[in-house]
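A.B. asks: no sequence on hand, only this structure:
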């Protein structure tokens, strides 16, 4: 037998159109969700977020080891023995330090926050854009003063109100420059000389004091310092700030303070180096004078004028050994001077350079010692000596001092060993010139000692002059390439991203709701649900009936619902073609799925096509067929079954509106309705009706509740199973699938009732 729209031959994929229709039913939820989320995003951007501008600048950190192409100013800046570290990572760390940022904020008077009160939120303003500013005596510690309101009145006075949270708090009028005392703290309200719009008087301004230490940490967290390229020393500084002018001032002052501190540090090193060179030059001056005096006396006593040429070769070797001995001795003397300086010097002074002692460990220890010494000096400007930071630095300095002394001792010991070895070489050279006159040899020794001391004196004098030049010409190693500038528009928050995110979220919430609803929904929502649950052939669908009438198919009726019934009539006639017996059982899974409505209208459609049709009300427990057709009869099927004298003519009722459409009611309702289905008179009734009618439609009880319909299985040719959209559960479809697989009823077909077929297929009311 041909099966209409059989699902058994293939497995259909998910109907995308059906899925979209399911979601489109809730279009209003998507619209509401999108509007609410976009509205929330607008309110969030308008009243919650603070627009942030990007401030950027670039600065060049010049290398201390500049090449020959350096300018004259840069060359002067690189003079001296000891210079700060030129490592670019170190300079980035110094630029981004909290202590340096705190000095900048204190210098800009950012320990005071100003806000103009608004209806929804207060707006922070920069003090340079106000006609007044707050001046305090001490910016190193936060003032414990509660917020207050300042209201400019005229060019000389202002209104001051404290305790802003109290309604009864009394304000007062004060003059600019007048001291305002609060506990042990005091401050002044001064006219802002940078404010140009004198005629404009701002509204109430909320003022409160903040801790610049916390503010500095926040700004350091926002500040980004990056190298522009991997080979150069060009740095790019970027930072976000709600007030562009304030951000530009912070970065500019940060760069200027960094350059100033760098020059100051170089000068401190130069001064310390000059001091130790002066001490050494003073000693060398006396030693050179003594040597020159000894030469004069020796020549006078021994009547010497020149050195014998015969001893030139031997003396040359001896001279080299002696020179090296003197160099070792000079280095030992320098180390002794530094050691003496370390042991007897002031603890707060910087350690000078090791001069010509080429030892990287010693140089590193001296640099580390000086760096900690400078850090201690800087902290002592704002911190007492018993502060844990100072104590910790003192402990570090003590350890470094001990390491320096130990290192000096080790270097000096190694030099003494080398000196002893060289002395042995000198003794061997001296033995070779034993025949040289003693007086001449002694004179040469004195002259050699004089030359060494003179060379050392000239070397130290040159280095002192270099240090003096670097001190007199304080050239910074920093050059601002691009002055700080801000973007014309805020870069944060990203309004486009927020609105897109809100729109997506606004659509996602209804989508999730519908998705979850569909997942937990056990109702049949469309043909696709039926296809997934059973391979039973699909007869067609019935659109939603907007009218209360039961009989919607008429001779001149062209509504969408009537057209769908005509389509199913064609399918039924086509399926049952070639068979004389056309008994159709109409059932469902439960009450309310429209089997009686379907029975009446499919019968009317068949009758209008010229077929003789009769409907049997075999739902003996809850009959509705006759009542829905407004037909009244005292006798029906139960009477025919129980009373052999009752004829078919007595229980048959013709429909007055449609020719060829007859009905047999259920008759009296009996408690044992299920037993009557297997009565022999049922078969007699159907056989008799087959002789007179083309189609017999049986309106039976739901198979999901009672087994009455199964009792009629031997007599039926086709079964129509009604499923109501958004009403029938998936359990009812499983019952249909069980009927189809196990052939409990002949040739079952599914009909989906109460659908949106009118919109789906474009049908409209075509009556005319």
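C.D. replies: Done, it's in. The structure displayed is predicted, hence computed values, not measured ones.
A.B. asks: in this structure, where's the longest helix?
C.D. replies: Counting residues, the longest helix found in the chain (DSSP state H) is helix 244-302.
A.B. asks: gap between it and the chain center?
C.D. replies: The chain centre lies 53 Å from the centre of helix 244-302; the measure is C-alpha atoms, centre = their mean, to the nearest Å.
A.B. asks: which elements pack onto it?
C.D. replies: Counting contacts by 3 or more C-beta pairs under 8 Å, 6 or more residues apart in numbering; DSSP states H and E, helix 244-302 packs against strand 53-61, helix 88-95, helix 98-107, strand 234-241, helix 312-344, helix 360-380, helix 438-472, strand 478-486. All C-beta spots, glycine's among them, are computed from the backbone N, C-alpha and C.
A.B. asks: so how far is residue 126 from residue 187?
C.D. replies: As for residue 187, its distance to residue 126 is 18 Å (criterion: C-beta to C-beta, to the nearest Å).
A.B. asks: likewise for residue 52?
C.D. replies: Residue 52 is 14 Å from residue 126, where distance means C-beta to C-beta.
A.B. asks: over to residue 119?
C.D. replies: According to C-beta to C-beta, residue 119 stands 22 Å off from residue 126.
A.B. asks: quick check: residue 288 touching residue 453?
C.D. replies: Yes: proximity of residue 288 to residue 453 meets the contact threshold set by C-beta atoms under 8 Å, at 5.0 Å.
A.B. asks: where does the stretch 1-150 of the chain dip in pLDDT?
C.D. replies: Applying pLDDT under 70 to the stretch 1-150 of the chain picks out residues 1-15, 18, 63-86, 138-143.
A.B. asks: which stretches in it count as helices?
C.D. replies: Secondary structure of the stretch 1-150 of the chain (DSSP state H, counting those that start in this stretch): helices at 16-24, 27-43, 72-77, 88-95, 98-107.
A.B. asks: as TSV, the ones you listed with mean neighbour count would be great.
C.D. replies: As requested, those are arranged in TSV below (neighbours: other C-beta atoms under 10 Å):
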stretch	mean neighbour count
helix 16-24	14
helix 27-43	15
helix 72-77	15
helix 88-95	16
helix 98-107	19
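A.B. asks: among those helices, which is nearest residue 492?
C.D. replies: Closest approach to residue 492 among the helices of the stretch 1-150 of the chain is made by helix 27-43 (14.7 Å; C-beta to C-beta).
A.B. asks: what strand or helix carries the nearest residue to residue 636 once chain neighbours are set aside?
C.D. replies: Sequence neighbours aside, residue 667 is the residue nearest to residue 636 in space, at 2.8 Å (criterion: C-beta to C-beta, 6 or more residues apart in numbering). Using DSSP states H and E, residue 667 falls within no helix or strand.
A.B. asks: got a list of what residue 667 touches?
C.D. replies: Residues near residue 667 by C-beta atoms under 8 Å, 6 or more residues apart in numbering: 620, 635, 636, 637, 638, 639, 640, 651.
A.B. asks: so which of those belong to strands?
C.D. replies: Among those, DSSP state E puts none in strands.
A.B. asks: quick check: buried residues in stretch 659-676?
C.D. replies: Using 16 or more other C-beta atoms under 10 Å as the test for burial, stretch 659-676 gives 660, 661, 662, 663, 664, 665, 666, 667, 673, 674, 676.
A.B. asks: nearest to residue 626, out of these: which one, please.
C.D. replies: Lowest distance from residue 626 to the buried residues of stretch 659-676 (C-beta to C-beta) belongs to residue 665, with 3.9 Å.
A.B. asks: got the contact list for the closest one?
C.D. replies: Residue 665 makes contacts with 617, 623, 625, 626, 631, 633, 635, 636, 637, 651, 653, as judged by C-beta under 8 Å, 6+ apart.
A.B. asks: cool, and residue 551?
C.D. replies: Contact partners of residue 551, counting by C-beta under 8 Å, 6+ apart, are 600, 601, 604, 628, 629, 657.
A.B. asks: any of those buried? List them.
C.D. replies: Among the contacts of residue 551, those classed as buried by 16+ other C-beta under 10 Å are 600, 601, 604, 628, 629.
A.B. asks: skipping adjacent residues, who's closest to the second one in space?
C.D. replies: For residue 601, ignoring the flanking residues on the chain, the nearest one in space by C-beta to C-beta, 6+ apart is residue 553 at 4.6 Å.
A.B. asks: just the element for that neighbour, please.
C.D. replies: Using DSSP H and E, residue 553 maps to neither a helix nor a strand.
A.B. asks: neighbours of it, how many?
C.D. replies: 23 (other C-beta atoms under 10 Å).
A.B. asks: how about it, phi and psi?
C.D. replies: Per-residue torsions, residue 553: phi -100, psi 120 (degrees, to the nearest 10).
A.B. asks: wait, it touches residue 607, no?
C.D. replies: No: at 9.0 Å, residue 553 does not count as touching residue 607 under the criterion of C-beta under 8 Å.
A.B. asks: okay, and which of the contacts of residue 551 map to helices?
C.D. replies: Those of the contacts of residue 551 lying in helices (DSSP H): 600, 601, 604, 628.
A.B. asks: buried residues in stretch 499-517, which are they?
C.D. replies: Quick answer for stretch 499-517 (16+ other C-beta under 10 Å): 502, 503, 505, 506, 507, 508, 509, 510, 511, 514.
A.B. asks: and residue 196, that one's in a strand?
C.D. replies: No: judged by DSSP: H, G, I helix; E, B strand; the rest coil, residue 196 forms no part of a strand; its state is coil.
A.B. asks: how many other residues sit next to it?
C.D. replies: 10.
A.B. asks: then the one 10 residues further on?
C.D. replies: Taking other C-beta under 10 Å as the criterion, the count of residues near residue 206 is 17.
A.B. asks: that one and residue 123 touch, don't they?
C.D. replies: No: applying C-beta under 8 Å, one finds residue 206 not in contact with residue 123, separated by 9.9 Å.
A.B. asks: what's the domain layout of the chain?
C.D. replies: 16-49+493-520, 112-210, 312-364+383-436, 527-761 (automatic domain parsing).
A.B. asks: coming back round to it: and the least confident of the contacts of residue 665?
C.D. replies: Lowest pLDDT within the contacts of residue 665 is found at residue 633 (74).
A.B. asks: neighbours of it, how many?
C.D. replies: Neighbours of residue 633 using other C-beta under 10 Å come to 16.
A.B. asks: ok, now residue 724?
C.D. replies: Other residues near residue 724 number 24, with proximity taken as other C-beta under 10 Å.
A.B. asks: over to it: give its phi and psi.
C.D. replies: The phi/psi pair for residue 724 (degrees, to the nearest 10) reads phi -100, psi 130.
A.B. asks: list the residues that contact it.
C.D. replies: Neighbours of residue 724 in contact, by C-beta under 8 Å, 6+ apart: 524, 588, 592, 593, 594, 752, 753, 754.
A.B. asks: does the last one belong to a helix, a strand or coil?
C.D. replies: It refers to residue 754. Following three-state DSSP, residue 754 is assigned to strand.
A.B. asks: closest to residue 293 among the contacts of residue 551?
C.D. replies: residue 601 (142.4 Å).
A.B. asks: right, and the closest one touches residue 552 too?
C.D. replies: Yes: between residue 601 and residue 552 there is a contact at 5.9 Å, judged by C-beta under 8 Å.
A.B. asks: which stretches of the stretch 501-650 of the chain form strands?
C.D. replies: Taking DSSP state E, counting those that start in this stretch, the strands of the stretch 501-650 of the chain run over residues 538-543, 583-588, 613-618.
A.B. asks: format these as TSV; extra columns: mean neighbour count.
C.D. replies: Shown next, in TSV, are those (neighbours: other C-beta under 10 Å):
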stretch	mean neighbour count
strand 538-543	23
strand 583-588	27
strand 613-618	27
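A.B. asks: pick out the shakiest of those strands, pLDDT-wise.
C.D. replies: For the strands of the stretch 501-650 of the chain, mean pLDDT drops lowest on strand 538-543, to a mean of 86.
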